[in-house]
Every structure is written in C-alpha cells, then in structure tokens.
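# can't give you the sequence, but here's the structure:
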C-alpha cells in the first residue's frame, strides 16, 4: 500500500479535537445518517470477519422510556436529552453466520460448543466494532457520548429478550453542546505504556 | 459541535479501502511513526478515561524470536516477515492510575476489590483502544494485520511476567503487499444487525 495519510483536519475530527459530550442540541440524527455510520464502520476488521456487534438506535420517546430505568443515575438526564442513544451489543450466536461472512472455510466449526471462546470472541470483536462505530460517527460529523454505566441485564431483558445478544455499552449520538463538558483529562505518555523490543 | 465531516479520501483510507494485510514490504516502521500512532490513538474515549491498553512493539529479531513459538501456525510466517508486530494488552491494575487520569473524583474506589468489574472494564476499554490503534495506524499511512490466533498465556509469560498485564490481540503493522490478500468478505446489511426504536 502507498502510505497515504489522512489530512490534519480529519485527524482533529476523529481523534484530537473530538470530545465525549454530555449536552446535546435539540436536533435529530436522521435515519440516513445512522445507516451511513453503519455502512462505514462495518468495514472495520474483525477476527474471521465475525462481525458480532448488534445495534439498537433508541430515538423515540417510547424507546427512551424503556431504556431509562436501566441507566445509572449520572447517565439518565443526558441520555434522555440526546436525540439518539445506541445500544451496542454482541451476539453470542455470531458463529451461526460465519458460512455467510467467511465463506472460504468452515469457521463455524472453530466455535461450536466452545462457550468461553465464543464469549471472548464476541466481546472482543463486538467491542472493536463499537470503537469503529464511535470513529465512524465522528467521521460523519456526529458527536458521541459513550457510557458503560447502566444495568446490562436489565437492558438485555428489555431489548434482547429471546436472543443471545448481550449489551456491551451505550453511545449517545447527536450534535453536542458545551454543557457539562469536562476539561480534557490527561493521557499517558508513550514511554509510560509502550515498549519497543 | 459543527457537524464537520472528514473527506472522502480519508474515509477510504481508514475504513473503505483499508484491508487486513498478510504480506509486507521489506521496509521498517520508524520509532517516530510508532509514537505518532500512539499520540493519536491515546485521545480515543475510555470509561472514566481509564486507558488500560498497553503496547509492546516487537521489531527486533530477538523480540520476534520470543514471540514466534506462541503464534498459531497460520500467523507465524507472516508475522515474522512483518516489520513490526504490536502486542496489545490490558492492565488489570489500571485503576491504580485513575487518580492521575481522572483527577476530579475518586474513581479508583469504584474498582478496588471488584475483580469482575476490573476484568470487564480492562478488557472492554483496552479493546476499544486496540481499535483506535488500528484506525490511527491506518490514518497515518500504515497497513494493519490484526490477529487473535496465538497463545495468550505464553505471550503473557514471555512479555508481561511480574505484571498484571494480559495480552488481548496482536497487530502486525507496516506497508502491506498484495500477497495472500483475501478477496473482501461480505458484511451484514444495516437491517440485518441494526434496529431503530
């Protein structure tokens, strides 16, 4: 490949100037944009192309009401005020779809009956896809407010009953305001968390 | 925020045209570039800014030799041929650093003594950071070859002895060739894995 890099403005938008938002403009996220985010993030790599992530875009007052009781106190008001809260889950039956997603070999048989491998693979790759989702949303002009403060079992009962899908984390999306914006927290320096051997 | 989106070429580079590479040009990844990738991906959001990911850039013949026996058969030759293989791990003692990383509240106390919460938080957020790493590497002109086919415990003994860091996945980085490039595998359509409620 040709070591093309993306421009400086794009680096700012997806990483350097993007901030986790707690306040939201009163402005909807269109269905077209939800689909565009998915159609971008879906290209991110997963192990054996297993694509275990599943998404519920909660946008209606009815949907919000079903979500509300399962949110931790600190996440409730801001999530109710966001135009859309995405429940990002992972499917513990992802391997059933491998004949379609990874057609050149029998990858389904790598997982059948191996519950711990299924669980770790679904959680790892579903989480990678959750990060791709955040970056794709930012790339298309949205702000994100990802959260893990909620009752996973409650959300699973309410939104994923009768399936083997488990909630992973939530992500408010929309157009953020400065309301309750934290000052940017520090990060580790390279040498504190990286080694070259 | 201003719903700025990134340009079409950047979308291609980080998502639409990027491919998992199995063959590599004989061309090193400079230390400067490794640091630039880290200094970009570090801005990606984690829960309470916990930043549990840890990175070992394996570039030397000696480092490669330590890694080799722990790789699955299918990942061995291509990893030995890559200019750099990054071991992406997560630190089960991440909460010790929260007074530094999340200074405005006592977030350390949320985790102390809660092994299952520590494990899930480290794995989830360390994996999000692994995805940010992949995207940041692509954004700066590198190709990636992420893999989970290796002996995690063997890698932990060899590279993380005496710590509570656990390996998550590996990612070859460098300048990819067309060698053993798979045809692009299919992805789910929006309606197959997304719902709007």
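Yep, that arrived. Predicted model, so just to flag it, every value in this text is computed and none were measured.
# Residue A:103 against residue B:185, yeah?
Yes - Residue A:103 lies in contact with residue B:185 (C-beta atoms under 8 Å); the separation is 7.3 Å. For every residue, glycine as well, the C-beta is placed using N, CA and C.
# More neighbours: the two, which one.
Taking neighbours as other C-beta atoms under 10 Å in any protein chain shown, residue A:103 and residue B:185 compare with residue B:185 leading, 17 against 13.
# And that one, what's its pLDDT?
Confidence at residue B:185, expressed as pLDDT, is 94.
# got the contact list for the closest residue in space to it that isn't next to it in sequence?
Distances taken as C-beta to C-beta, 6 or more residues apart in numbering or on different chains put residue A:49 closest to residue B:185, at 4.2 Å, once the chain neighbours are dropped. Residues counted as contacts of residue A:49 (C-beta atoms under 8 Å, 6 or more residues apart in numbering or on different chains) are A:101-102, B:185-187.
# What of residue A:25?
A:174-177 are the contacts of residue A:25 under C-beta under 8 Å, 6+ apart.
# Try it again at 6 Å.
Counting by C-beta atoms under 6 Å, 6 or more residues apart in numbering or on different chains, residue A:25 makes contact with A:175, A:177.
# Same check on the one 4 residues further on?
With contact set as C-beta under 6 Å, 6+ apart, residue A:29 has these partners: A:83-84, A:173-174.
# again, only this time at 7 Å
By C-beta atoms under 7 Å, 6 or more residues apart in numbering or on different chains, the residues touching residue A:29 are A:83-84, A:142, A:173-174.
# where does it fall, phi/psi-wise?
With angles defined as degrees, to the nearest 10, residue A:29 sits at phi -100, psi 120.
# which non-adjacent residue is nearest it?
residue A:84 (4.6 Å).
# Now do the one you found against residue B:153, distance only.
Distance, residue A:84 to residue B:153, using C-beta to C-beta, to the nearest Å: 41 Å.
# any idea which strand is longest in chain A?
For chain A, the strand that runs over the most residues, judged by DSSP state E, is strand A:165-174.
# thinking again about what came up before, list buried residues within the contacts of residue A:49.
A:101-102, B:185, B:187 (16 or more other C-beta atoms under 10 Å in any protein chain shown).
# could I get those as a markdown table with distance to residue A:36?
Listed next are the buried ones among the contacts of residue A:49 as a markdown table, based on distance: C-beta to C-beta, whole Å:
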| residue | distance to residue A:36 |
| --- | --- |
| A:101 | 21 |
| A:102 | 25 |
| B:185 | 21 |
| B:187 | 14 |
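# Among the residues you listed, give me the pair with the biggest separation.
Spanning the widest gap among these are A:102 and B:187, at 11.3 Å by C-beta to C-beta.
# where do the helices sit along chain A?
A:8-11, A:31-41, A:61-67, A:73-81, A:98-101, A:108-111, A:115-139, A:152-159, A:190-193 (DSSP state H).
# Determine which stretch of those helices is the most buried.
Comparing the helices of chain A by mean neighbour count (mean count of other C-beta atoms under 10 Å in any protein chain shown), helix A:115-139 ranks first with a mean of 23.
# Check which helices and strands that helix sits against.
Applying 3 or more C-beta pairs under 7 Å, 6 or more residues apart in numbering or on different chains; DSSP states H and E, one finds that helix A:115-139 contacts helix A:31-41, strand A:53-58, strand A:84-91, helix A:108-111, strand A:143-147, strand A:165-174, helix B:115-139.
# So which residue is smack in the middle of chain A?
residue A:130 (2.8 Å; C-alpha atoms, centre = their mean).
# In space, what's closest to residue A:12 - neighbours in sequence excluded?
residue A:18 (7.9 Å).
# Residue A:58 too?
Excluding the flanking residues, the one nearest residue A:58 by C-beta to C-beta, 6+ apart is residue A:85, at 4.6 Å.
# Could you give the number of residues near the one you found?
Neighbours around residue A:85, by other C-beta under 10 Å: 26.
# Equivalent analysis for residue A:60, please.
12.
# from what I can see the residue nearest to the centre of chain A touches residue A:167, true?
No - look at residue A:130 against residue A:167 with C-beta atoms under 7 Å: they stay out of range, at 10.8 Å.
# Find residues that contact each of those two.
Common contacts of residue A:130 and residue A:167 (C-beta under 7 Å, 6+ apart): none found.
# Any idea which of the helices and strands packed on helix A:115-139 gets closest to residue A:192?
helix B:115-139 (13.8 Å).
# Under the pLDDT cut-off, which ranges of chain A? List them.
Scanning chain A for pLDDT under 70 picks out the ranges A:1-2.
# switch the cut-off to 90
For chain A, the stretches flagged by pLDDT under 90 are A:1-4, A:180, A:182-183.
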